[in-house]
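Enquirer: Fold the following, please.
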Amino acid sequence: RWNYYTSLAFGTKVFEVFAYLDDLNQGFHCMVGTEKNDMYYYQQEVIAELKKFAHVYLSFDWEGVKTFIGTENEQQANGSFELLEADGRMLQELKGISSVTATQDTLIGQFSDGEDSGFIVVNVTDPVQTKFDVVTLKFEDCSRVIVYQGGEEVKYAISGNTLELPLVAGEGMFVIPQY
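Expert: Model prediction:
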């Protein structure tokens, strides 16, 4: 899930999954020889989740990405984020969002379909760490949002232009503000 949602935040349009091995000591794989393992079935679940909102996500064009260091990050640094910043292609601000706070390191991809903006919000904490993230988005002027979580569409009325998203490590959500 972490790999998929992080890739979505960078505007990925296509995933290709093909992994097998003959030696169990070679790391992450979905199959050993011709036998499917648990990782194979877990990937199938995540792919099914993504397919549920692919028609929405794919109607948006990627505009860029922005990073946020979590308030619980004791070092107040993230080496991966520093590489993105050094690259010089990171967004300086997000359209229609005045502020973002997060308890864990968070990645937000910005999208547009010509009329609406959309945002993939990802808790980029390594899922092995199982750190829970609360991301607070303060919109400039927004009364409701459409959120795709676990592939399911949920509509929220929001108060004070503020939306609070709970995210487990590696989880992502697609957020479409309604102005």
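Enquirer: secondary structure class for residue 13?
Expert: For residue 13, the assignment made with DSSP: H, G, I helix; E, B strand; the rest coil gives coil.
Enquirer: Correct me if wrong: it contacts residue 60.
Expert: No - contact criterion Cβ atoms under 8 Å: residue 13 and residue 60 do not qualify, at 10.4 Å. Just so you know, the C-beta spots here come from the backbone N, C-alpha and C atoms, and that holds for glycine as well.
Enquirer: And those two? Which one has more around it.
Expert: residue 60 (21 against 11; other Cβ atoms under 10 Å).
Enquirer: Do you have the strands of the chain handy? List them.
Expert: 31-32, 35-36, 61-68, 97-102, 106-112, 117-123, 133-139, 144-149, 152-157, 162-167, 172-178 (DSSP state E).
Enquirer: what are the phi and psi values for residue 91?
Expert: Note on residue 91: its backbone torsions stand at phi -60, psi 140 [degrees, to the nearest 10].
Enquirer: the longest helix in the chain is where?
Expert: Counting by DSSP state H, the longest helix found in the chain is helix 38-57.
Enquirer: Let me know the angle separating that one from strand 106-112.
Expert: 40 degrees (axes from the mean of the first three to the mean of the last three Cα atoms, to 10 degrees).
Enquirer: related to what we said a few turns ago, mean pLDDT, distance to residue 6 and mean neighbour count added to the strands of the chain, as JSON lines?
Expert: What follows is the strands of the chain, written out as JSON lines (pLDDT from 0 to 100; distance: least, Cβ to Cβ, whole Å; neighbours: other Cβ atoms under 10 Å):
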{"stretch": "strand 31-32", "mean pLDDT": "60", "distance to residue 6": "23", "mean neighbour count": "15"}
{"stretch": "strand 35-36", "mean pLDDT": "73", "distance to residue 6": "24", "mean neighbour count": "10"}
{"stretch": "strand 61-68", "mean pLDDT": "95", "distance to residue 6": "10", "mean neighbour count": "18"}
{"stretch": "strand 97-102", "mean pLDDT": "97", "distance to residue 6": "15", "mean neighbour count": "18"}
{"stretch": "strand 106-112", "mean pLDDT": "96", "distance to residue 6": "6", "mean neighbour count": "23"}
{"stretch": "strand 117-123", "mean pLDDT": "96", "distance to residue 6": "6", "mean neighbour count": "25"}
{"stretch": "strand 133-139", "mean pLDDT": "97", "distance to residue 6": "13", "mean neighbour count": "20"}
{"stretch": "strand 144-149", "mean pLDDT": "96", "distance to residue 6": "16", "mean neighbour count": "18"}
{"stretch": "strand 152-157", "mean pLDDT": "94", "distance to residue 6": "20", "mean neighbour count": "11"}
{"stretch": "strand 162-167", "mean pLDDT": "96", "distance to residue 6": "12", "mean neighbour count": "17"}
{"stretch": "strand 172-178", "mean pLDDT": "96", "distance to residue 6": "8", "mean neighbour count": "22"}
